[in-house]
Structure formats: structure tokens, C-alpha cells
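**Student:** Have a look at this fold, sequence not included:
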């Protein structure tokens, strides 16, 4: 006959083993972020060429139009720098706001809520994937603008720093717009308004703007990326000011990504 004490001891040990097996180790931020980033990059690969074409064509067209108004000097530097960062604004701000707005409206956030990943990994992974699309278009736009206005290509490498800094700030703002908007149409409207502000305040030379517009320009996170790139066109750039602009841009990016992570938590529990 079976030993009752053995059954009793094994039964007593089962809850502990089941509960231990039911509690997997918590997912780490960086591996989760990398997995979501790769997944988003793969899913959006089909739309990459149209996105790059539209964003780049828009900025190149603006520079061609401005060529008839601006001859050179600091104004040309502002136009080229602003048009280059505008590619980032189109994708990271405008399209990301629409994407998160659509996810919230269709309850697509429920899928991410079921994944054992930190909320910050979802926001950063999706934002990073969208911002990555802007790299070829931004560099191509900057190279074309330098050739169009006769500006040097020597410090074009600074875009490899400007793109992630400005991309983080604009992605955080776009994600916050999409996650906080009550309707997808509102998210689209906010994304369009944000991109229009980046266009007007970033591409147009600041010396020709009214004082109140110049003050409002300082509130846009993309402005500091534009200023950082525009400062490198001079023969001897003030790298301390370039670094200061990039630090401000990075700080704003961290703040806005934190806000968008909070907005994601708020939207996912509704």
C-alpha cells in the first residue's frame, strides 16, 4: 500500500513548486527594449521607403523654395539645419503621434500590456524604431542642402549625434501626443501642429522672426538640434555651445520620454 505520509509530504511540497514556477524573473529593460525595437523595425520595413521618400522630398523641396529667398551666410545655415531636422520631426513626431493614437483607439495597447516587459521598453522601442527611419533621409537632405547653398560638408558627422538627441525629444513628444489624445483624429492633429511648428521655427531664419516667435522657438525641443548642427558650418565651430545644445536636447528627450511612459501606463490600464 502507498505511504500516506509520502503523499502528504509531496502534496505539501507542490504549492511551493507551483508558485515558484509561476513567478518567472522580471524582464530587464534593455533586453526588452531591444526585442521590441527589432520587432517594430521588422514590421515597419515595408513602409520604410515611402516614409523616407515623403520626409526627404518634403525637406528638399523646402530648401529649393528657400533658395530663391536666402543667398547664404547664417540664414542658409539655418535653412539647411532646420530642413535636415525636419525629416526627424516628420517621422518621430508626426507619424509616431498617429501610430500611438491609432493603437490606443483600436486597443492595440492591450497586446503590449500582456507582454512581460517594462512600459519604458515599449515606448523607447517603438520610438527608437521610428526615429531610425530618419537617418538616411536626414543625411541625404543635409548633403543636398550643403551643395545647394555652398556650405561645407566637413562636419556632417555631427548628424550622427543630432539625430538620436533630437529624435529622442521629438519621439517623446509624438508618443505623448498619441497616448494622451482621446481620439486618433486629435493625435493626428497634434502631430501635424507639432511638425508645422518645427517647420516654421526650425527652417525659417530666426533673425527674420518677431521677438515673440523667437521666444516661443526656444520651447521646441527640435530647436536645439537645429542650433547644434547650424553652429558647425563655421570655419571654427564653438564646440562648447554645440555640446550645450545637445545636452539640452538630450535632457528634454529624457523628460518627454518619461512623460510618454507615464502616458502609456495611464492609457494601458483603461
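**Tutor:** Nice, I can see it. Just so it is clear, the structure is predicted and the values come from calculations on it, not from any experiment.

**Student:** How about the contacts made by residue 211?
**Tutor:** By Cβ atoms under 8 Å, 6 or more residues apart in numbering, no residues touch residue 211. The C-beta positions use only the backbone N, C-alpha and C, and glycine is treated the same way.

**Student:** do the same with residue 266
**Tutor:** Going by Cβ under 8 Å, 6+ apart, residue 266 touches 179, 180.

**Student:** Now the helix or strand harbouring it: buried residues?
**Tutor:** Using DSSP states H and E, residue 266 sits in helix 239-268. The neighbour-count check on helix 239-268 (16 or more other Cβ atoms under 10 Å) flags 242, 245-246, 248-250, 252-253, 256-257, 259-264, 267-268 as buried.

**Student:** next SSE after the helix or strand containing residue 38?
**Tutor:** Per DSSP H and E, residue 38 falls inside helix 29-43. Downstream of helix 29-43, the first helix or strand assigned by DSSP H and E is helix 48-67.

**Student:** in the next helix-or-strand element following that following helix, what's buried?
**Tutor:** Note on helix 48-67: by DSSP H and E, the next helix or strand toward the C-terminus is helix 73-88. Buried residues in helix 73-88, counting neighbours by 16+ other Cβ under 10 Å, are found at 75-88.

**Student:** same question, stretch 228-241
**Tutor:** By neighbour count with 16+ other Cβ under 10 Å, stretch 228-241 contains the buried residues 228, 229, 230, 231, 232, 233, 237.

**Student:** how far does it stretch from start to finish?
**Tutor:** For stretch 228-241, the first-to-last residue distance is 7 Å (Cα to Cα, to the nearest Å).

**Student:** What mean pLDDT does that stretch get?
**Tutor:** Mean pLDDT, computed over stretch 228-241, is 93.

**Student:** Over to stretch 205-212?
**Tutor:** Stretch 205-212 shows an average pLDDT of 84 in the prediction.

**Student:** Give me the distance from that stretch to the chain's centre.
**Tutor:** Put simply, stretch 205-212 sits 27 Å off its chain's centre (Cα atoms, centre = their mean, to the nearest Å).

**Student:** ditto for stretch 250-270
**Tutor:** 12 Å.

**Student:** Just list the residues touching the most centrally placed residue in the chain, thanks.
**Tutor:** Nearest to the mean C-alpha position of the chain, by Cα atoms, centre = their mean, lies residue 171 at 2.4 Å. Counting by Cβ under 8 Å, 6+ apart, residue 171 touches 92, 93, 96, 127, 128, 130, 131, 253, 256, 257, 260.

**Student:** For residue 34, which non-adjacent residue is closest in space?
**Tutor:** residue 125 (7.7 Å; Cβ to Cβ, 6 or more residues apart in numbering).

**Student:** Give the full set of residues in contact with the nearest residue to residue 109 once chain neighbours are set aside.
**Tutor:** The shortest distance from residue 109 to any non-neighbouring residue, by Cβ to Cβ, 6+ apart, is to residue 268 (4.9 Å). By Cβ under 8 Å, 6+ apart, the contact set of residue 268 is 109, 110, 112, 113, 119.

**Student:** if we can go back for a sec, average model confidence for the helix holding residue 38?
**Tutor:** 85.

**Student:** now the angle from it to helix 48-67?
**Tutor:** 80 degrees (axes from the mean of the first three to the mean of the last three Cα atoms, to 10 degrees).

**Student:** burial count for residue 115?
**Tutor:** Residues within reach of residue 115, counting by other Cβ atoms under 10 Å, total 13.

**Student:** And it, its phi and psi?
**Tutor:** Backbone geometry at residue 115, expressed as degrees, to the nearest 10, gives phi -80, psi 140.
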